[in-house]
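# have a look at this prediction, sequence included:
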Amino acid sequence: TLLYTIKFEGSRNMSLRYDPLPLGIRLFKFCSGSSPPKGVVYKSWILIITFLVYASYHMNRKGLSVVKSTLHGNASNTTFYPGWAPFNNTDDGKELLGYLDTAFLLSYAVFIFMCGSIADNVSLRYFLTVGMIGTAISASLIGMACFWHIHSLAYFVVMQIVCGAMQATGWPATVAVIGNWIGKGSRGLIMGIWNSHTSVGNILGGLVAGVAANSISTWGLSFIYPAIVIGGLGITVFLFLPTNPQAVGLAPPKQSNKDEDEERLIKSLQHHSEDSEDDDGIIRDPNSIPAISFCKALKLPGVIEFSMALFFTKLVCYTFLFCLPDFVNSIQIGGEHYDAQKSADIATFYDVGGILGSILCGFLADRTSSNALICIIFQITSIPMLFVYYHFGTISMTAQLSIMFVLGFFSNGPYALITTAVSADLGTSEHVRGNSQALATVSAIIDGAGSVGATIGPYLTSVLTNKRSGNNEYEYVFYVLEASAFCSGLCLIRLVVKEINVLRNRRSRLATLSSIQRSE
């Protein structure tokens, strides 16, 4: 049984993207007999599987941040924390660890631009499977350095570059799949909940990696355990992921920006109601639509502004992702110092706050249809929270956890909204005439720009902290983070002004339409 009837329009692009129905879905449909699964069943499955997929990607990013203190060693107690050469050098050990962060993130930033265009032209299911299996292999090879007694800096750098390239496959493909299945009606809220996979992945990655992080003889398991998870999910994707509704005979979701109340009023005034389907009532094959070019995607309204905003937002978020456990390990909280495993556990509260922040940010964006306005409110609020966390988070464990939670809430909200709902909205806007094949390219451009910022953040942290020690080691880092949060909001000023004007006009238009309806 094939996905759908092949139409030979744009056959060159179509042939690359053609994707037979996954074996697991075929078996599922066969077992269901004469009563095929409903659309809500497929949508629920898509949300669950893609949530787990990208959570596993983030699990595999957390290992290095957790084992940094173990690899660098503890100069005050070399008996228990001798470190791992070449990173245990007290003069430049932290800077060398920063090179590993930079190698991964720079590779990710470079390859994600290419992956977006590739994902638009090949089977998303095959593309994700290759990326996930590749990530599992490269992460396992990093972990095996512990058991093979590899101390070559070049080996670690090369493996981080390969891992970054493999990880770049995940985001464009998963956002494209979600955009194919979820319409705009409640996309912000759904994707806000769905995007908590980043925080869930970080939490699970920190907890799993922390189990083996304290021992110099087992730190490699911090990479191998998450690799096993993503490898298993890669096989699941190959067997059970339908990448669009048409693949299982369902109509595509409605992609509309109109306010529902306004649309309802207009329809009542026009005394007609039409079904929300294509003009000819045909479920169209998405593979017959040619993919959008990189340059055309870059010119879509809002892409550049949100890309620049994500550059600074991701700089903040990824500095915490890669460096927060090390920061907690470097300070005394309530007069007490915590080891690598405990520091990783404490750092998970940042991601717990991020989960709730992502959900609220998406919900507010749905209610107001003002993505930029919601983002800038969260971004500006995170600036004083950065100041409060650095200066008052060491007072007690209660202060540390509560302030960290609030900081994660406000800094992760815009990150989640821009990378998911905003990317999907721009990729399915009227400017590309419903071409869902633009989804991966647009999301790759936005997330790629953010990844450049993500590369700079951890590298600057390694340079700045290498020159200082003690509780003031991260002082300059927090100055950079505060400036970045401010610049992120500044990038969205033009869009915020436009959205405020749209809200005013909409309110005025609704009032006019309501008065006309009452008079009739």
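Yes, it's here. Numbering: from 1, shown residues only.
# from what I see, residue 318 and residue 458 are in contact.
Yes. Under the criterion of Cβ atoms under 8 Å, residue 318 is in contact with residue 458, at a separation of 6.4 Å. For the C-beta atoms, the positions are set from N, CA and C on the backbone; glycine is no exception.
# and for these two, which residues touch both?
Listed as contacting both residue 318 and residue 458 by Cβ atoms under 8 Å, 6 or more residues apart in numbering are residue 105.
# from residue 153, how far off is residue 349?
Here residue 349 is placed at a distance of 33 Å from residue 153 (Cβ to Cβ, to the nearest Å).
# the two: who's more crowded?
residue 349 (21 against 13; other Cβ atoms under 10 Å).
# can you list the weak-confidence ranges in the stretch 51-200 of the chain?
74-81, 90-91, 183-189 (pLDDT under 70).
# the strands in the stretch 251-400 of the chain, which residues?
Using DSSP state E, counting those that start in this stretch, no strands are found in the stretch 251-400 of the chain.
# residues contacting residue 321?
Residue 321 touches 61-62, 65, 202, counting by Cβ under 8 Å, 6+ apart.
# using CSV, list the CA coordinates for the strand or helix carrying residue 176.
Using DSSP states H and E, the secondary-structure element containing residue 176 is helix 170-181. Written as CSV, here are the backbone C-alpha positions of helix 170-181 (Å, rounded to 0.1, in the frame of the first residue of the first chain):
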residue,chain,number,x,y,z
GLY,A,170,16.7,16.9,14.5
TRP,A,171,15.2,20.3,14.7
PRO,A,172,14.2,21.2,11.1
ALA,A,173,12.7,17.7,10.6
THR,A,174,10.7,17.5,13.8
VAL,A,175,9.3,21.1,13.4
ALA,A,176,8.4,20.3,9.8
VAL,A,177,6.5,17.1,10.9
ILE,A,178,4.6,19.0,13.6
GLY,A,179,3.8,21.8,11.3
ASN,A,180,2.4,19.3,8.8
TRP,A,181,0.0,17.9,11.4
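# am I right that residue 338 is in contact with residue 328?
Yes. Here residue 338 reaches residue 328: they are 6.5 Å apart, a contact under Cβ under 8 Å.
# joint contacts of these two?
Both residue 338 and residue 328 are contacted by residue 346, under the criterion Cβ under 8 Å, 6+ apart.
# out of those two, which sits in the more crowded spot?
residue 328 (25 against 19).
# now the more buried one: closest residue in space that isn't a chain neighbour?
Excluding the flanking residues, the one nearest residue 328 by Cβ to Cβ, 6 or more residues apart in numbering is residue 343, at 4.1 Å.
# and the pLDDT at that neighbour?
Looking at residue 343, its pLDDT stands at 87.
# residue 346 now?
91.
# for it, give me its contacts.
By Cβ under 8 Å, 6+ apart, the contact set of residue 346 is 325, 328, 333, 338, 397, 400-401, 404.
# show me those residues that map onto helices.
325, 328, 397, 400-401, 404 (DSSP state H).
# include distance to residue 106 and pLDDT when you put the contacts of residue 346 into CSV, please.
Output for the contacts of residue 346, formatted as CSV (distance: Cβ to Cβ, whole Å; pLDDT from 0 to 100):
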residue, distance to residue 106, pLDDT
325, 22, 86
328, 26, 89
333, 33, 90
338, 31, 86
397, 36, 93
400, 32, 94
401, 33, 94
404, 28, 95
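# top of those residues by neighbour count?
With neighbours taken as other Cβ under 10 Å, the top of those is residue 325, carrying 32 neighbours.
# in the stretch 401-520 of the chain, which spans are helices?
Secondary structure of the stretch 401-520 of the chain (DSSP state H, counting those that start in this stretch): helices located at 423-427, 439-466, 475-490, 493-519.
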